[in-house]
Structures are given as C-alpha cells and as structure tokens.
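In: Structure for this input, please:
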Amino acid sequence: MATKIYISGPMSGMENYNYEAFFAAEERLNEKGYEVINPARLGYVEGWSWEDYLRRDIKAMLDADAVVVLPNWLDSKGARLEILVASKLGMPIYDEETMEELDVQLVIAIQKLERKSVTA
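Out: Numbering: from 1, shown residues only. So this is what the prediction gives:
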C-alpha cells in the first residue's frame, strides 16, 4: 500500500466540519505508519468559498499516493469530486475503516440503484 494517504470525507454541513472523524482517522493511519494529508489540518480562510477549499484540497490530494474515504463520503459532493479525480488519475482508494481497496465505479453504481429503489 502507498505510504502517503489523503483523507476524503464529508465536511460541509457537518457539525464542526466533521473534524473529529478526520482527526481520528489521521491518528489511526499514523499509528499504522502512514504519512497522512488531512484536509482538516489545512485550516480556515476568511472569505473563502466552497470552491476555494475544494481547489486547495484537491491540490493537497495530488501529493498523496492513495486516498482513504470516511463513512458517508458518497453523501458529500466535495468528497465525490475528490474521488472522481483520484480514480481518473489511477490513485488507489481505500475504505478507511477496513483499509480494503474500493471499486469506486461499483460503489457509485450501487448507490444509484439504491436511490432509485427508494424513490420507486
């Protein structure tokens, strides 16, 4: 597995931007010997828009060898965009809880099917 890992997950609309989950994941990954890029550590910038943060975070992600996703990443527009970029660049993507590599296209297809069955 890669040694430098970027954490992707939901932030917008979450209590305290979901920092607790990001910092907990960072700690677990550090304990396993990984170098971690945690977007929660990149800080708040007065006046920045969602798009500004996404640009900064994607730039940071590009320095990683792989990406891990936090729970509920599919509910986050920003995390989905990060994962789209990472997958198109051939970066491996892992579930942070299990550290199993994800087939992102399969996960997204299943989610679409689940949403259709809920609305049907």
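In: what sits against Ile83?
Out: Going by Cβ atoms under 8 Å, 6 or more residues apart in numbering, Ile83 touches Ser8, Val67, Val69, Trp73, Ile93, Val104. From N, CA and C alone the C-beta is placed, and that goes for glycine too.
In: Please repeat the previous calculation with a cut-off of 10 Å.
Out: Under the criterion of Cβ atoms under 10 Å, 6 or more residues apart in numbering, the contact list for Ile83 reads 8, 61, 67, 69, 73-74, 76, 91, 93, 102, 104, 107-108.
In: swap in Tyr53?
Out: Contacts of Tyr53 were listed using Cβ under 10 Å, 6+ apart, and they are Met11, Ser12, Tyr17, Pro39, Leu42, Gly43, Tyr44, Val45, Gly78.
In: Quick check: of these, which has the highest neighbour count?
Out: Comparing the contacts of Tyr53 by number of neighbours (other Cβ atoms under 10 Å), Pro39 comes first, having 24 neighbours.
In: Look up the closest residue to that one, ignoring the ones flanking it.
Out: Once flanking residues are discounted, Pro39 sits nearest to Asp57: 4.6 Å by Cβ to Cβ, 6 or more residues apart in numbering.
In: how much space is there between that neighbour and Leu113?
Out: For Asp57, the distance to Leu113 equals 29 Å [Cβ to Cβ, to the nearest Å].
In: More neighbours: those two, which one.
Out: For Asp57 versus Leu113, neighbours defined as other Cβ under 10 Å are more numerous around Asp57 (22 against 10).
In: Quick check: the more buried one touching Ala86?
Out: No: using Cβ atoms under 10 Å as the test, Asp57 is too far from Ala86 to be in contact (11.5 Å).
In: where do the contact lists of these two overlap?
Out: Tyr6, Ser8.
In: from what I can see Glu101 touches Val107, true?
Out: No: using Cβ under 10 Å, Glu101 is not in contact with Val107; the gap is 11.2 Å.
In: Now do the helices in the chain.
Out: Counting by DSSP state H, one finds helices in the chain at the ranges 19-31, 50-61, 77-88, 104-119.
In: which one of these is the most hemmed in?
Out: Most buried of the helices of the chain, by mean neighbour count (mean count of other Cβ atoms under 10 Å): helix 77-88, with a mean of 18.
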